[in-house]
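Asker: next comes the sequence, and after it the predicted model I'd like to discuss.
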Amino acid sequence: MFNYGNQLALALFEMDWEKFTSLSSRLSAELVNREERTRLLADVTRHGFIDDYSGIRISARKRRFAIQDATVWNLLDAAGYHYGQAAVIRSWEYLKQENFIPPDASGNEVLQEATVGQKEGGASASPFTMANSDIRDY
């Protein structure tokens, strides 16, 4: 579960604090990109951090955005106990909505396949940060 997101993260994901902090972080990624995301986060667990993370995320309103130039690191306590992972994302960009399939009546997976479409704009160099409290939440 996410346990932290700054105001820009909340705005990009189009969620309030309560909804964001009850979201499983793996559900913030498109279905087809979850395997790659899992592999990269496993690298963070093994090596302590990565500084070149990128991926596609989905907001609560099903708006797609690319994150780039992210640093992801492990959250450890003084004794070295692993609490989760955190990220700072230095660059993001909304993507044009292509191949969007609306959710079914039960709200199941929204995107059946992903196409990185043309950029829609809204790019920013403002960083946003978020943290995941459980590494098993890939």
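Answerer: That came in fine, so what should we check first? Quick caveat: nothing in here was measured; it's all calculated off a predicted structure.
Asker: phi, psi of Gly48?
Answerer: The phi and psi values for Gly48, taken as degrees, to the nearest 10, are phi 100, psi -30.
Asker: what does Ser24 give?
Answerer: Note on Ser24: its backbone torsions stand at phi -70, psi 130 [degrees, to the nearest 10].
Asker: that one reaches Asn3, doesn't it?
Answerer: No: applying C-beta atoms under 8 Å as the test, Ser24 and Asn3 come out as separate, 11.6 Å apart. Where C-beta positions appear, they are placed from N, C-alpha and C, glycine not excepted.
Asker: who has more neighbours, those two?
Answerer: Set side by side, Ser24 and Asn3 show unequal neighbour counts under other C-beta atoms under 10 Å, the larger going to Asn3 at 18 against 12.
Asker: could you find the closest non-adjacent residue to Trp73?
Answerer: Once its chain neighbours are removed from consideration, Trp73 has its nearest residue in Phe49; the separation is 3.9 Å (C-beta to C-beta, 6 or more residues apart in numbering).
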